[in-house]
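Asker: Got a predicted structure here, sequence first:
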Amino acid sequence: MNLNFNPDSNDSKTILSWHAALIHDRGGRAELKRARTVTEIIQSPAFHRLAFMLRPRSQFDSASLERVGVLAGLLAQVDSHDGRKRMAVQMATGKGGGPAVSDLRFRRLLQREWHELPDTMRRIIHMLGRKVNLLDLSRAVWYWGDAVKRDWAFTYFAATSETEKS
(Lines give C-alpha, C1' and ligand atoms only; values in the text may rest on other atoms or scores of the structure.)
Protein backbone atom coordinates (compact mmCIF):
# COMPACT_ATOMS: atom_id res chain seq x y z
CA MET A 1 0.00 0.00 0.00
CA ASN A 2 1.29 3.44 -0.87
CA LEU A 3 0.76 6.55 1.20
CA ASN A 4 1.49 10.07 -0.02
CA PHE A 5 3.43 12.27 2.38
CA ASN A 6 3.61 15.38 0.21
CA PRO A 7 2.51 18.32 2.37
CA ASP A 8 -0.78 18.93 0.52
CA SER A 9 -1.86 15.28 0.30
CA ASN A 10 -4.79 13.84 2.21
CA ASP A 11 -2.49 11.32 3.91
CA SER A 12 -0.26 14.12 5.20
CA LYS A 13 -3.25 16.11 6.42
CA THR A 14 -4.49 12.98 8.17
CA ILE A 15 -1.14 12.40 9.88
CA LEU A 16 -0.95 16.01 11.10
CA SER A 17 -4.59 16.02 12.21
CA TRP A 18 -4.21 12.72 14.08
CA HIS A 19 -1.02 13.93 15.77
CA ALA A 20 -2.66 17.22 16.82
CA ALA A 21 -5.54 15.27 18.39
CA LEU A 22 -3.11 12.83 20.03
CA ILE A 23 -1.30 15.68 21.79
CA HIS A 24 -4.57 16.41 23.64
CA ASP A 25 -5.28 12.71 24.27
CA ARG A 26 -2.79 12.31 27.10
CA GLY A 27 -3.82 8.76 27.95
CA GLY A 28 -3.71 7.57 24.36
CA ARG A 29 -0.38 9.22 23.74
CA ALA A 30 1.12 7.82 26.94
CA GLU A 31 -0.07 4.35 25.97
CA LEU A 32 1.62 4.62 22.56
CA LYS A 33 4.80 6.12 24.02
CA ARG A 34 5.14 3.25 26.51
CA ALA A 35 4.49 0.54 23.93
CA ARG A 36 7.66 -1.27 22.88
CA THR A 37 6.21 -3.72 20.36
CA VAL A 38 3.76 -3.45 17.50
CA THR A 39 1.52 -5.90 19.35
CA GLU A 40 1.31 -3.44 22.26
CA ILE A 41 0.68 -0.54 19.88
CA ILE A 42 -2.21 -2.20 18.05
CA GLN A 43 -4.00 -2.61 21.38
CA SER A 44 -4.30 1.16 21.58
CA PRO A 45 -7.47 2.91 20.38
CA ALA A 46 -5.25 5.77 19.17
CA PHE A 47 -3.56 3.38 16.71
CA HIS A 48 -6.94 2.30 15.35
CA ARG A 49 -8.04 5.93 14.93
CA LEU A 50 -4.95 6.60 12.80
CA ALA A 51 -5.41 3.46 10.73
CA PHE A 52 -9.10 4.19 10.04
CA MET A 53 -8.37 7.83 9.26
CA LEU A 54 -5.79 6.76 6.65
CA ARG A 55 -7.77 4.03 4.89
CA PRO A 56 -10.75 1.72 5.35
CA ARG A 57 -9.68 -1.38 7.24
CA SER A 58 -10.26 -3.58 4.20
CA GLN A 59 -7.46 -1.81 2.30
CA PHE A 60 -4.75 -2.73 4.82
CA ASP A 61 -2.75 -5.92 4.60
CA SER A 62 -0.92 -7.14 7.71
CA ALA A 63 2.41 -5.57 6.64
CA SER A 64 0.75 -2.16 6.15
CA LEU A 65 -0.95 -2.38 9.53
CA GLU A 66 2.41 -3.16 11.11
CA ARG A 67 3.88 -0.06 9.42
CA VAL A 68 1.00 2.06 10.71
CA GLY A 69 1.71 0.65 14.17
CA VAL A 70 5.39 1.58 14.05
CA LEU A 71 4.46 4.97 12.66
CA ALA A 72 1.90 5.61 15.42
CA GLY A 73 4.42 4.61 18.08
CA LEU A 74 7.07 6.96 16.72
CA LEU A 75 4.71 9.87 16.08
CA ALA A 76 3.60 9.62 19.71
CA GLN A 77 7.19 10.39 20.74
CA VAL A 78 7.06 13.76 18.96
CA ASP A 79 5.87 16.85 20.86
CA SER A 80 5.55 19.16 17.88
CA HIS A 81 5.83 19.26 14.11
CA ASP A 82 8.61 21.30 12.52
CA GLY A 83 7.94 21.38 8.80
CA ARG A 84 10.62 23.96 8.04
CA LYS A 85 13.47 21.47 7.71
CA ARG A 86 13.73 17.91 6.55
CA MET A 87 14.52 15.45 9.32
CA ALA A 88 18.00 14.70 7.94
CA VAL A 89 18.77 18.43 8.08
CA GLN A 90 17.46 18.57 11.64
CA MET A 91 19.86 15.73 12.52
CA ALA A 92 22.76 17.49 10.78
CA THR A 93 22.32 20.82 12.53
CA GLY A 94 22.48 21.36 16.24
CA LYS A 95 22.34 24.27 18.59
CA GLY A 96 26.10 24.36 19.28
CA GLY A 97 27.20 24.44 15.66
CA GLY A 98 27.71 20.68 15.44
CA PRO A 99 25.22 18.09 14.34
CA ALA A 100 22.37 17.12 16.68
CA VAL A 101 22.99 13.52 15.66
CA SER A 102 26.63 12.55 15.26
CA ASP A 103 28.01 11.31 11.98
CA LEU A 104 28.59 7.87 13.53
CA ARG A 105 25.07 7.58 14.96
CA PHE A 106 23.60 8.75 11.64
CA ARG A 107 25.57 6.11 9.70
CA ARG A 108 24.38 3.47 12.19
CA LEU A 109 20.80 4.60 11.55
CA LEU A 110 21.31 4.09 7.83
CA GLN A 111 22.56 0.55 8.48
CA ARG A 112 19.31 -0.41 10.21
CA GLU A 113 16.75 -2.63 8.59
CA TRP A 114 13.11 -1.67 8.87
CA HIS A 115 12.39 -3.95 11.84
CA GLU A 116 15.31 -2.34 13.74
CA LEU A 117 14.14 1.19 13.04
CA PRO A 118 11.75 1.94 15.96
CA ASP A 119 14.29 1.87 18.83
CA THR A 120 16.91 3.83 16.89
CA MET A 121 14.42 6.37 15.59
CA ARG A 122 12.92 6.81 19.07
CA ARG A 123 16.36 7.81 20.40
CA ILE A 124 16.91 10.23 17.52
CA ILE A 125 13.53 11.87 18.07
CA HIS A 126 14.55 12.47 21.69
CA MET A 127 17.93 13.87 20.55
CA LEU A 128 16.05 16.34 18.33
CA GLY A 129 14.12 17.61 21.33
CA ARG A 130 10.96 15.78 20.25
CA LYS A 131 10.37 18.43 17.57
CA VAL A 132 10.68 16.90 14.11
CA ASN A 133 9.22 17.07 10.65
CA LEU A 134 6.35 14.61 11.06
CA LEU A 135 5.79 14.14 7.35
CA ASP A 136 9.45 13.43 6.64
CA LEU A 137 9.54 11.00 9.57
CA SER A 138 6.37 9.33 8.30
CA ARG A 139 7.68 8.99 4.76
CA ALA A 140 10.96 7.52 6.00
CA VAL A 141 9.27 4.99 8.26
CA TRP A 142 6.73 3.99 5.63
CA TYR A 143 9.22 3.60 2.79
CA TRP A 144 12.43 2.76 4.72
CA GLY A 145 14.89 1.19 2.33
CA ASP A 146 17.80 2.05 0.08
CA ALA A 147 16.09 5.01 -1.64
CA VAL A 148 15.25 6.69 1.69
CA LYS A 149 18.70 5.92 3.07
CA ARG A 150 20.41 7.46 0.01
CA ASP A 151 18.17 10.53 0.17
CA TRP A 152 18.84 11.02 3.86
CA ALA A 153 22.60 10.51 3.40
CA PHE A 154 22.80 13.15 0.65
CA THR A 155 20.68 15.55 2.70
CA TYR A 156 22.49 14.99 6.02
CA PHE A 157 26.02 15.28 4.65
CA ALA A 158 25.15 18.30 2.50
CA ALA A 159 23.76 20.02 5.59
CA THR A 160 26.80 19.15 7.74
CA SER A 161 29.07 20.50 4.97
CA GLU A 162 27.13 23.77 4.96
CA THR A 163 27.42 23.97 8.76
CA GLU A 164 31.20 23.42 8.60
CA LYS A 165 31.60 26.22 6.00
CA SER A 166 29.85 28.77 8.19
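Answerer: It's in.
Asker: From now on I want contacts and neighbour counts done on CA atoms only, so please keep to that.
Answerer: Will do.
Asker: Just the buried positions in stretch 144-156, please.
Answerer: Trp144, Val148, Lys149, Trp152, Ala153, Thr155, Tyr156 (16 or more other C-alpha atoms under 10 Å).
Asker: what about the fifth one, distance to Leu32?
Answerer: The one in question is Ala153. The gap separating Ala153 from Leu32 is 29 Å, by C-alpha to C-alpha, to the nearest Å.
Asker: Identify the residue spatially nearest to Thr160, adjacent ones excluded.
Answerer: Among residues not flanking Thr160 along the chain, Ala92 sits closest, at 5.3 Å (C-alpha to C-alpha, 6 or more residues apart in numbering).
Asker: Then Phe60?
Answerer: Of all residues not flanking Phe60 in the chain, Met1 sits nearest, at 7.3 Å (C-alpha to C-alpha, 6+ apart).
Asker: elements contacting the helix or strand of the chain with the lowest mean pLDDT?
Answerer: Taking mean pLDDT, DSSP states H and E as the measure, the chain has helix 146-165 as its least confident helix or strand, at a mean of 90. Where contact means 3 or more C-alpha pairs under 8 Å, 6 or more residues apart in numbering; DSSP states H and E, helix 146-165 is packed against helix 87-92.
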